[in-house]
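Chemist: Sequence and computational prediction follow.
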Amino acid sequence: MARRRLIGLLLLGLALVAVCVASIAVGAKPIPLDGVWHALFEPTGVEDDVIIRSLRVPRTLIGIAAGIALGVGGALMQGHTRNPLADPGILGVTHGAALAVVLSIFLLDVSSLYGYIWFAFAGSMIASVAVFLLGSAGRGGSSPVTLALAGAAVSALMHGLVSAIVLLDQQSLDAFRFWQVGSIAGRDLTVLSQVLPFLVVGLVLAFVNAPGLNSIALGEDVARALGTRVGQTRVLGVVAITLLVGGAVAACGPIGFLGLVVPHLARALVGPDYRWLLPLSGLFGAVLILLADVVGRVVARPSEVEVGVMLALVGAPFFVVLVRRRKLVKL
C-alpha cells in the first residue's frame, strides 16, 4: 500500500505538470512548446508572450489553487458528515456566497469581480457559521446528521432569497449569471493573491485535522476512547472547509462535481487514511479542473465552454459509472 500511495502521488504530480503545459499551450490561438518555453523564460514582448504571461499562466495558477481547495474540501466534507454523497456545498458555503454576491449587486451596485470576491467570501463564512450553530444546538451538539440537515435548510433558504432578488432586478440577474457559471477564465493574479492566504491557512488546518478525522471514521465512541476531542476536531474541520471552499467559490464561482467525485478517486487509489487522502484529493482536483478547462477551450474553438459547465456535463455520467462499477465506500 505504501508503494502504491507513492506511485499514485508521483503519477498525479506528472499528470498535473502535463495538464499545466496543455493549459498554457492550448487555446483560441495554439502556441507550440518552444513558444511556451520562450514566453516563460525568455520573453521579448511578442504577442505569444503576452498571451501566455498575462492570460494563460494566471488562469492555470487559479485553476490549480481552486482544484486543490475543492478537492481537499470535498474529502473533509465527506469525512466529517460520513456521507459519500456529500460535497463542499452541503455546509451552505456556495449558497451563502451566491446570496452575498447578489446582495452586493442589488444594494451596493458592485459590478467588479474584485468586489464580488470579498462579499462572496464573507457570505460563505456567515453561512457556515449559521449552519454550525444550528447543527450544534441542543444537548447532543453537532453531528454528521445535524450538520447535513442544517446545511440543507440554510441552503434552501438562501437559494430562495437569491431567486427572489434576481427575478426583481435585471442587473442583478445578468451579473449573477456571469459569476454563477463557474469559471477560471478572466481572472488575474490579483484575484489569486486575494484568496491565497485563506486557502493556505485552510490547507494547514485540513492536514492538522487529518489524524482526528481518521479516528472519527472509526466511530465517535471509539474516537473518544482513543483520546480524540471530537467536538474540537469537527470545529477545526468546518473552519478548514469554509476557508478552502469559500476562497475557491469567491474567486471562481460555484464549480460543482469536483468536490463530490475527487475524494472517491483518491480513496480508490490510497485507501481511507486521510493523511494520504487529502493530498491526493487536492492533486486530483487540480488535474481535473485544468483538464476540463482545456477540453472546454477545444470543443468550442474559437470560443470556449466554461469549466463549470464542462464539469457538470462530464461529471454527472462519470459519477454514475463510478458508483455502478466501484460502489460507494462506506464512511
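Modeler: Happy to help now that I have it. Quantities reported herein were computed from a predicted structural model and do not represent experimental measurements. Residues are numbered from 1 along each chain as shown.
Chemist: Dump stretch 295-308 to PDB, restricted to CA.
Modeler: The C-alpha coordinates for stretch 295-308 follow below in PDB (Å, rounded to 0.1, in the frame of the first residue of the first chain):
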ATOM      1  CA  VAL A 295     -11.300  20.500 -23.200                       C
ATOM      2  CA  GLY A 296     -13.700  23.400 -22.900                       C
ATOM      3  CA  ARG A 297     -11.400  25.600 -25.000                       C
ATOM      4  CA  VAL A 298     -11.000  22.900 -27.700                       C
ATOM      5  CA  VAL A 299     -14.600  21.800 -28.200                       C
ATOM      6  CA  ALA A 300     -16.000  25.300 -29.000                       C
ATOM      7  CA  ARG A 301     -12.900  26.900 -30.500                       C
ATOM      8  CA  PRO A 302     -12.500  29.900 -31.200                       C
ATOM      9  CA  SER A 303     -15.000  30.400 -28.300                       C
ATOM     10  CA  GLU A 304     -15.000  28.200 -25.200                       C
ATOM     11  CA  VAL A 305     -17.200  26.300 -22.700                       C
ATOM     12  CA  GLU A 306     -16.700  27.400 -19.100                       C
ATOM     13  CA  VAL A 307     -15.100  24.900 -16.700                       C
ATOM     14  CA  GLY A 308     -18.200  24.800 -14.500                       C
END
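Chemist: Give the rounded mean pLDDT of it.
Modeler: Stretch 295-308 comes out with an average pLDDT of 84.
Chemist: Please apply the same query to stretch 79-98.
Modeler: 79.
Chemist: Return the alpha-carbon coordinates of that stretch using PDB.
Modeler: Output of stretch 79-98 as PDB, limited to C-alpha atoms (Å, rounded to 0.1, in the frame of the first residue of the first chain):
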ATOM      1  CA  GLY A  79     -15.300  12.600   6.200                       C
ATOM      2  CA  HIS A  80     -17.000  14.800   8.700                       C
ATOM      3  CA  THR A  81     -20.500  14.000   7.600                       C
ATOM      4  CA  ARG A  82     -19.700  10.300   6.900                       C
ATOM      5  CA  ASN A  83     -21.700  10.700   3.800                       C
ATOM      6  CA  PRO A  84     -20.200   9.500   0.500                       C
ATOM      7  CA  LEU A  85     -22.600  11.800  -1.500                       C
ATOM      8  CA  ALA A  86     -21.700  14.900   0.400                       C
ATOM      9  CA  ASP A  87     -20.000  17.800  -1.400                       C
ATOM     10  CA  PRO A  88     -18.500  21.000  -0.100                       C
ATOM     11  CA  GLY A  89     -21.700  22.900  -0.700                       C
ATOM     12  CA  ILE A  90     -23.500  21.000   2.000                       C
ATOM     13  CA  LEU A  91     -22.500  23.500   4.700                       C
ATOM     14  CA  GLY A  92     -24.200  26.300   2.800                       C
ATOM     15  CA  VAL A  93     -20.900  27.800   1.600                       C
ATOM     16  CA  THR A  94     -21.900  28.000  -2.100                       C
ATOM     17  CA  HIS A  95     -25.400  29.400  -1.500                       C
ATOM     18  CA  GLY A  96     -24.000  31.900   1.200                       C
ATOM     19  CA  ALA A  97     -21.500  33.200  -1.300                       C
ATOM     20  CA  ALA A  98     -24.200  33.400  -4.000                       C
END
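Chemist: That stretch: which residues count as buried?
Modeler: 79-84, 86-98 (16 or more other Cβ atoms under 10 Å). For glycine as for every other residue, the C-beta is placed from the backbone atoms N, C-alpha and C.
Chemist: ditto for stretch 270-289
Modeler: 270, 273-274, 276-289.
Chemist: Please flag which of those sit within helices.
Modeler: By the criterion of DSSP state H, membership of these in helices covers 270, 274, 276-289.
Chemist: Give me the pLDDT value at L11.
Modeler: For L11, the predicted pLDDT is 91.
Chemist: hang on, the earlier thing: just the ones in helices from the buried residues of stretch 79-98, please.
Modeler: G79, H80, T81, V93, T94, H95, G96, A97, A98.
Chemist: Not counting its neighbours along the chain, what's nearest L40?
Modeler: Leaving aside its sequence neighbours, L40 sits nearest to I52 (Cβ to Cβ, 6 or more residues apart in numbering; 6.9 Å).
Chemist: what does D87 give?
Modeler: L260 (4.1 Å).
Chemist: Could you tell me how many residues sit around the one you found?
Modeler: 23 (other Cβ atoms under 10 Å).
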